[in-house]
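A.B. asks: Build me a model from this:
(one chain, ligands or ions: 2)
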Amino acid sequence: MTYVSFPTNKPLDFVAIGRLCIDLNANEIHRPMEETMTFTKYVGGSPANITIGMSRLGLNTAFIGKVANDQMGRFITDYLQRNKIDTAGVVTDTTGAVTGLAFTEIKSPTDCSILMYRDNAADLKLTPNEVQEELIGQAKVLLISGTALAKSPSREAVFQALNYAKKHGAVIVFDLDYRPYTWTSPEETAVYYNLAAEKCDIILGTREEFDMMECFENNESSDDKVTASKWFNHSAKIVIIKHGKEGSIAYTQDDEGHRAKSFPAKVVKTFGAGDSYAAGFLYGVMQGWTLEKSMEFGSAAACIVISSHSCSDAMPTVNQVEDYIERCNRNEITAS
Ligand SMILES: Nc1ncnc2c1ncn2[C@@H]1O[C@H](COP(=O)(O)OP(=O)(O)OP(=O)(O)O)[C@@H](O)[C@H]1O
Ligand SMILES: O=C(O)C[C@@H](O)[C@H](O)C(=O)CO
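C.D. replies: Residues are numbered from 1 along each chain as shown. Ligands and ions are numbered 1, 2, ... in the order given. Below is the predicted model of the structure:
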């Protein structure tokens with residue numbers, strides 16, 4: 001059963017818009033930040049990570065965003081290019097904005113947090129007239145990510161990208177990626193998230209992210225099916241609600257939900273799970289696989305990333321994901 005039809009006559013498989021930043025991941029893991037002395041630098045930002053994931057899986061990808069005019073900005077652009085991502089849509093800031101930094105604290109496999117430095121971040125300065133219609137017109141899929149809606153002019157740039165994607169028939173994916181530190185309140189966030197979600201074909205988020213979007217609805221309890229069904233009155237064809245290591249559920253208009261188990265993992269840190277899951281899942285549905293197979297592929301990709309030190313650099317190839325699934329099926333991998 002095909003739930004989403006991807007355009008076939010376009011040269012670019014996937015373009016994402018939004019956050020490009022730097023992750024500084026603690027080298028001394030299982031320690032609080034106060035005792036962490038050294039960090040390894042990686043490209044970060046959820047939509048950037050997903051695009052790197054898609055490119056590693058062999059798809060033809062591009063990115064739309066803004067980087068600082070400094071060494072960090074050049075590091076990011078260079079890394080994207082080395083990962084075969086078209087950076088024609090990545091513009092350089094001219095106002096003195098800086099690169100957002102995410103210092104990650106890895107206290108234990110289940111207790112991780114991120115300390116953000118995002119004042120005057122270049123990625124939020126992307127303007128609507130810097131979004132190239134031609135690039136989106138060439139793409140089968142546009143992915144938007146919630147954090148880019150947090151501030152103007154990046155907010156308007158995302159809505160402009162949505163207009164172009166609708167006009168040219170790209171499938172639109174929304175990774176909710178709710179990072180509270182970028183917003184003033186859940187109510188402000190919910191207003192813009194709901195406006196954007198109405199235009200999207202595939203919506204991916206955690207239960208907590210959907211709860212934030214429902215903050216005006218006074219729901220007694222969170223019900224995944226009720227949450228998903230609301231979006232089928234708009235543009236959505238698939239709504240995925242993620243539940244960490246408990247797995248994920250995909251809803252479509254006409255059924256009860258497709259459940260995917262998660263695989264065991266020797267977890268180093270939890271962040272990056274959602275980004276690798278999104279890349280693996282989207283790769284699967286673009287190949288015409290069933291939702292279950294696509295979700296399992298995403299879950300295995302997530303396990304590889306959470307068992308590694310980085311998010312972007314650890315994004316797996318198809319062979320690596322297939323190998324992971326086979327090893328799990330042979331019971332060669334156990335949870336940490
Ligand atoms: N501890 C775990 N063990 C195995 N698989 C996991 C684990 N945590 C997450 N996953 C897999 O990754 C998928 C996405 O994870 P999760 O629900 O935590 O998303 P997320 O909150 O968006 O991630 P992130 O922490 O990157 O923001 C899950 O559906 C599951 O398949
Ligand atoms: O920008 C962030 O919120 C941190 C990201 O850079 C990091 O790669 C991550 O959390 C992945 O989801």
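
A.B. asks: closest point of the stretch 101-250 of the chain to ligand 2, which residue?
C.D. replies: Per CB to the nearest ligand atom, the residue of the stretch 101-250 of the chain with the smallest distance to ligand 2 is A102, at 3.8 Å. C-beta here means a position set from N, CA and C on the backbone, and glycine is covered the same way.

A.B. asks: next one: phi and psi at that residue?
C.D. replies: Dihedral pair for A102: phi -120, psi 110, per degrees, to the nearest 10.

A.B. asks: quick one, what contacts it?
C.D. replies: Neighbour list for A102: C21, I22, D23, L24, G44, I114, L115, M116, Y117 [criterion: CB atoms under 8 Å, 6 or more residues apart in numbering].

A.B. asks: residues making contact with whichever strand or helix holds A228?
C.D. replies: If you go by DSSP states H and E, A228 is part of helix 224-231. Outside helix 224-231, the residues within contact range by CB under 8 Å, 6+ apart are 197-198, 200, 203, 207, 210, 214, 219, 236, 239, 241, 249, 251, 256-257.

A.B. asks: Flag whichever of the residues you listed scores worst on pLDDT.
C.D. replies: Across the contacts of helix 224-231, the member with the lowest pLDDT is N219, scoring 74.

A.B. asks: Contacts only, for that residue.
C.D. replies: V226.

A.B. asks: Which of the three states applies to it?
C.D. replies: coil (DSSP: H, G, I helix; E, B strand; the rest coil).

A.B. asks: near ligand 2, which residues of the stretch 1-150 of the chain show up?
C.D. replies: R19, C21, D23, G44, G45, S46, N49, A102, I114 (CB under 6 Å from any ligand atom).

A.B. asks: Now flag whichever of these is closest to ligand 2.
C.D. replies: Nearest member of those to ligand 2, counting by CB to the nearest ligand atom, is G44, at 2.6 Å.

A.B. asks: nearest residue to that closest one other than its sequence neighbours?
C.D. replies: D23 (3.3 Å; CB to CB, 6 or more residues apart in numbering).
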